[in-house]
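Novice: Have a look; sequence and predicted model below, questions after that.
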Amino acid sequence: MLLLALVACASSAPEGVRPPAPVLPGPVVMLAQVRAAGTSAPDSLEVQPLRDPGVADFRFSAQRLEAQGDYAGASAAIAQALAIQPGDPELLQQSAEYALYRHDWDKAAAWARQSFERGPKTGSLCRRNWATLRFVAMAHADVAAMDAASAALTACTIAPPARY
């Protein structure tokens, strides 16, 4: 019995001591993981909004600049697209991802939340929203928020209706 009491005391952390913060991956790895979370699952329902052709050039420019390693330029291109189509969930999420890259946690969280609120709340965009918010929670060492974001990310995948 004494042995059990000693083991119980040894396994609990002293009061007021926080567990070590999770280690954040580098910015490029974070972006890759957010985007990987957004890949379409073959058995999930995807809702794709209509795209404004007026922002296509800015989105293409952002992709090209990012491929060249110019994340600031890519972010600026997405900001220009948002000026044309404010509130577009995909553009808001891209802004969140670039803020995540810059470690601008407040903007990353704000844009990911706006994207989620305006978006389909299911599918790949939803998973990217919550993957971004999970990294923000990780940056703040908020384990409860990390767990909540992980659970919400999982809930984004909805099976499509049966087809006959």
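Specialist: Cool, the structure landed.
Novice: any idea which element the residue most central in space within the chain lies in?
Specialist: Against the mean C-alpha coordinate of the chain, by CA atoms, centre = their mean, the closest residue is residue 132 at 1.9 Å. Element membership of residue 132, judged by DSSP states H and E, is helix 123-139.
Novice: other SSEs contacting that helix?
Specialist: For helix 123-139, the helices and strands in contact under the criterion 3 or more CB pairs under 8 Å, 6 or more residues apart in numbering; DSSP states H and E are helix 27-37, helix 89-101, helix 105-118, helix 143-155. C-betas here are computed from N, CA, C, even on glycine.
Novice: distance of the residue nearest to the centre of the chain from residue 56?
Specialist: Residue 132 is 23 Å from residue 56, where distance means CB to CB, to the nearest Å.
Novice: Also residue 89?
Specialist: Here the distance between residue 89 and residue 56 works out to 16 Å (CB to CB).
Novice: who's more crowded, those two?
Specialist: Neighbours of residue 89 and residue 56, each counted by other CB atoms under 10 Å, are more numerous for residue 89; the result is 21 against 11.
Novice: In contact with residue 79, which residues are there?
Specialist: Residues in contact with residue 79, defined by CB atoms under 8 Å, 6 or more residues apart in numbering, are residue 95.
Novice: now residue 54
Specialist: 84-85.
Novice: could we number from 47 for the rest of this?
Specialist: Okay, using 47 as the starting number, the last item reads as residue 100.
Novice: So it, which state does it fall into?
Specialist: Secondary structure state of residue 100, per DSSP: H, G, I helix; E, B strand; the rest coil, is helix.
Novice: about what we covered before: most packed of the helices and strands packed on helix 169-185?
Specialist: Ranked by average neighbour count under the criterion mean count of other CB atoms under 10 Å, the helices and strands packed on helix 169-185 are headed by helix 135-147 at a mean of 24.
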